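Novice: give me the fold of what follows.
(4 chains)
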There are 2 protein chains.
Amino acid sequence: MSLTEKVDKRAHILSVAEQLFAENGFDGTSVRDIAQLANVNLAMISYYFGSKEKLLEALVEDRAGYTLGVIEELNKNQTLTPWDKIDKLVEFYIEKIMNNYRFHCILSQTYNQAKSSPIKELIISIKMRNLEEIKKVIADGQRKKLFAKVDVELTMASVFGTLTQVVNSANLYSRLMKIDETDDATYRKKMSARLKTHLQQMLRAHLDIKNEE
Amino acid sequence: MSLTEKVDKRAHILSVAEQLFAENGFDGTSVRDIAQLANVNLAMISYYFGSKEKLLEALVEDRAGYTLGVIEELNKNQTLTPWDKIDKLVEFYIEKIMNNYRFHCILSQTYNQAKSSPIKELIISIKMRNLEEIKKVIADGQRKKLFAKVDVELTMASVFGTLTQVVNSANLYSRLMKIDETDDATYRKKMSARLKTHLQQMLRAHLDIKNEE
DNA sequence: GTTTAATTTAAACGTTTGTTTAATTTTGGG
DNA sequence: CCCAAAATTAAACAAACGTTTAAATTAAAC
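Specialist: Alright, predicted model coming up:
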């Protein structure tokens, strides 16, 4: 038994579940799959979490995060310009998504489901709060006559859409960019650098009031 | 029995399967669910398609389309400027995705799956060819000194990411934009107009060589 | 009208699913 | 050392799954 398993079996199961849910989907993963890969007895999952559904809830609660606080602090900051804040936001989200790409896949799957569930509602409400907070950053830039009157919601959709696209369709984009897709780690590293340049440049051009037509 | 069912039972099953796969995922939909909603006997699905997997294949073959031809024709066109072509591409994809949003959800799900399958490979290869063709449009604009030296792949990722985000997370964005989410049709209509303006403006600013730093 | 093929049906097939049980082992405080 | 609580186990549970069967019905051809 490895060290990580000994330290906290519950956390180990969560980690394995995260991997399998991301790779094969919630419905595409059986509790037996999780138990086997985690090297624990099947019944341990019910013992720790109660049910498969509650295992997912536990995962979301464990991973969902501190993001809102980071954006709020950014908003309060008086010394940074709106341009600086945009750059910081881009950097923050690239790092966040690249470090949690598995969890991000699960989130995408979950709030795309039609049937509503407590988990889905939780995820959406968290995401909503974060987006409302980011809106303020852009609104501030517009008030200060730095940013153009862009479609704020769709501008955010473009940023998150780009990130989601690159992470969730790594298969496609690694091939398209001729990056070795067998090594996930280098893909994400190379991609992080390119994403930062691309998103910052695109937003600079898109938001700049001087480019407004 | 409605008219459409009478005309072609096979097509009716495909349509119902498309809806359920989009709403609940492939693994989240049972063949019994499909049979019940389509008002056909359970065994008819095996009879027509052979298996659940082959039903999905049949769906992809039926819906996957004529897109490549459209882009190729656009590329050949000598009278349109690269700027015109970008606008046309945006309009084309918005309409395509909004008219086939259910199928688009299924595609997203499928090529996000880790385990490779013939269907997944088919989808990726089609998408690859289309993206390679779009690359040419941008490359042409760059050759003619109209477009800046942007990250072509990530620029495409931004466009498709925006569309995917808006369609797959309609739940989130309809709420964020305070659009009535109960009426899917009006959501997609309003969103189409906003998407067109947003994407065209953003690409205009992003691609314009005059905004290059 | 008879016959052959295509379609449709209800029932059953064997697996796999999530979950629970009841017995066993391990753990830690008195 | 003992013993109650916690952790772990193998086995079993009923329900749902994708698929197949064999009989019944409908359609088409001659």
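
Novice: C-alpha only now, for contacts and for neighbours.
Specialist: Will do.

Novice: whatever residue of chain A ends up closest to chain B: neighbouring residues, count only.
Specialist: Nearest residue of chain A to chain B, counting by Cα to the nearest Cα: A:Gly161, 3.8 Å away. By other Cα atoms under 10 Å in any protein chain shown, the residues close to A:Gly161 number 23.

Novice: and it, how far is that from A:Asn41?
Specialist: 39 Å (Cα to Cα, to the nearest Å).

Novice: same question, A:Lys136
Specialist: 49 Å.

Novice: can you check A:Ser117 too?
Specialist: Distance of A:Ser117 to A:Asn41, computed by Cα to Cα: 28 Å.

Novice: who in chain A is up against DNA strand D?
Specialist: A:9, A:40-44, A:47 (Cα under 7 Å from any atom of the strand).

Novice: contact partners of the helix or strand that contains A:Ile71?
Specialist: A:Ile71 belongs to helix A:67-76 when assigned by DSSP states H and E. Helix A:67-76 is contacted by residues A:85, A:89, A:129-130, A:133-134, A:136-137 when judged by Cα atoms under 8 Å, 6 or more residues apart in numbering or on different chains.

Novice: what residues does chain A put near DNA strand C?
Specialist: For chain A, the residues in contact with DNA strand C (Cα under 7 Å from any atom of the strand) are A:27, A:29-32, A:42-43, A:46-47, A:50-53.

Novice: return the members of those classed as buried.
Specialist: A:29-31, A:52 (16 or more other Cα atoms under 10 Å in any protein chain shown).

Novice: for A:Glu213, give me the pLDDT.
Specialist: If you check A:Glu213, the pLDDT there is 65.

Novice: now do A:Lys178
Specialist: pLDDT, read off for A:Lys178, is 88.

Novice: how about the residue of chain A closest to chain B, what does it touch?
Specialist: With Cα under 8 Å, 6+ apart, A:Gly161 has these contacts: B:157-158, B:160-165.

Novice: spatially, what comes nearest to it if we skip its sequence neighbours?
Specialist: Of all residues not flanking A:Gly161 in the chain, B:Gly161 sits nearest, at 3.8 Å (Cα to Cα, 6 or more residues apart in numbering or on different chains).

Novice: pLDDT at that neighbour, what is it?
Specialist: 97.

Novice: please apply the same query to A:Arg204.
Specialist: 96.

Novice: using the three-state scheme, assign it.
Specialist: Classification of A:Arg204 by DSSP: H, G, I helix; E, B strand; the rest coil places it in helix.

Novice: state the helix or strand in which the residue nearest to A:Gly161 lies.
Specialist: helix B:152-168.

Novice: and that helix, C-alpha only, in CSV?
Specialist: Extracted C-alpha coordinates of helix B:152-168, given in CSV (Å, rounded to 0.1, in the frame of the first residue of the first chain):
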residue,chain,number,x,y,z
VAL,B,152,-4.4,30.4,-35.1
GLU,B,153,-5.3,27.2,-33.3
LEU,B,154,-6.2,29.1,-30.1
THR,B,155,-8.2,31.7,-32.0
MET,B,156,-10.3,28.9,-33.4
ALA,B,157,-10.6,27.4,-29.9
SER,B,158,-11.9,30.7,-28.7
VAL,B,159,-14.6,30.8,-31.4
PHE,B,160,-15.7,27.2,-30.9
GLY,B,161,-15.3,27.5,-27.2
THR,B,162,-17.6,30.4,-27.0
LEU,B,163,-20.3,28.6,-29.0
THR,B,164,-19.9,25.4,-27.1
GLN,B,165,-20.0,27.3,-23.8
VAL,B,166,-23.2,29.0,-24.7
VAL,B,167,-24.9,25.9,-26.0
ASN,B,168,-23.7,23.3,-23.5
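
Novice: now the element after that helix, going C-ward?
Specialist: That would be, after helix B:152-168 and using DSSP H and E, helix B:170-176.

Novice: against which helices or strands is that next one packed?
Specialist: Applying 3 or more Cα pairs under 8 Å, 6 or more residues apart in numbering or on different chains; DSSP states H and E, one finds that helix B:170-176 makes contact with helix A:118-143.

Novice: tell me the mean pLDDT for the helix it packs on?
Specialist: 92.

Novice: in that helix, which residues are buried?
Specialist: Those would be A:119-120, A:122-124, A:127-128, A:130-131, A:133-134, A:137-139, A:141-142, for helix A:118-143 by 16+ other Cα under 10 Å.

Novice: for stretch A:82-96, same thing?
Specialist: Using 16+ other Cα under 10 Å as the test for burial, stretch A:82-96 gives A:82-83, A:85-91, A:93-95.

Novice: quick one: it near chain B?
Specialist: No. Applying Cα under 8 Å from any Cα of the partner chain, one finds stretch A:82-96 separated from chain B by no less than 13.5 Å.

Novice: contacting residues around that stretch?
Specialist: So stretch A:82-96 is in contact with A:71, A:74, A:137-138, A:140-141, A:146, A:163, A:192, A:195-196, A:199-200, A:204, going by Cα under 8 Å, 6+ apart.

Novice: what residue ranges in chain A score low on pLDDT?
Specialist: By pLDDT under 70, the low-scoring segments of chain A are A:1-7, A:213.

Novice: could you pull up phi and psi at A:Lys210?
Specialist: The phi and psi values for A:Lys210, taken as degrees, to the nearest 10, are phi -70, psi -20.

Novice: ok, now A:Phe147?
Specialist: phi -100, psi 150.

Novice: how about it: which residues does it bridge to?
Specialist: A:Asp208 (DSSP bridges).

Novice: and the gap between it and A:Lys196?
Specialist: Distance, A:Phe147 to A:Lys196, using Cα to Cα: 19 Å.

Novice: who has more neighbours, those two?
Specialist: A:Phe147 (24 against 18).

Novice: and the more buried one, what does it touch?
Specialist: A:138, A:141, A:207-209.

Novice: pipe those into TSV and attach distance to A:Phe103 per row.
Specialist: Below are the contacts of A:Phe147 laid out as TSV (distance: Cα to Cα, whole Å):
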residue	distance to A:Phe103
A:Ile138	27
A:Gly141	31
A:Leu207	30
A:Asp208	33
A:Ile209	36
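
Novice: for DNA strand D, what is the nearest residue in chain A?
Specialist: For chain A and DNA strand D, the shortest gap (Cα to the nearest atom of the strand) falls at A:Asn41, measuring 3.8 Å.

Novice: assumed that residue was part of a helix.
Specialist: No. Under the criterion used here (three-state DSSP), A:Asn41 is coil, not part of a helix.
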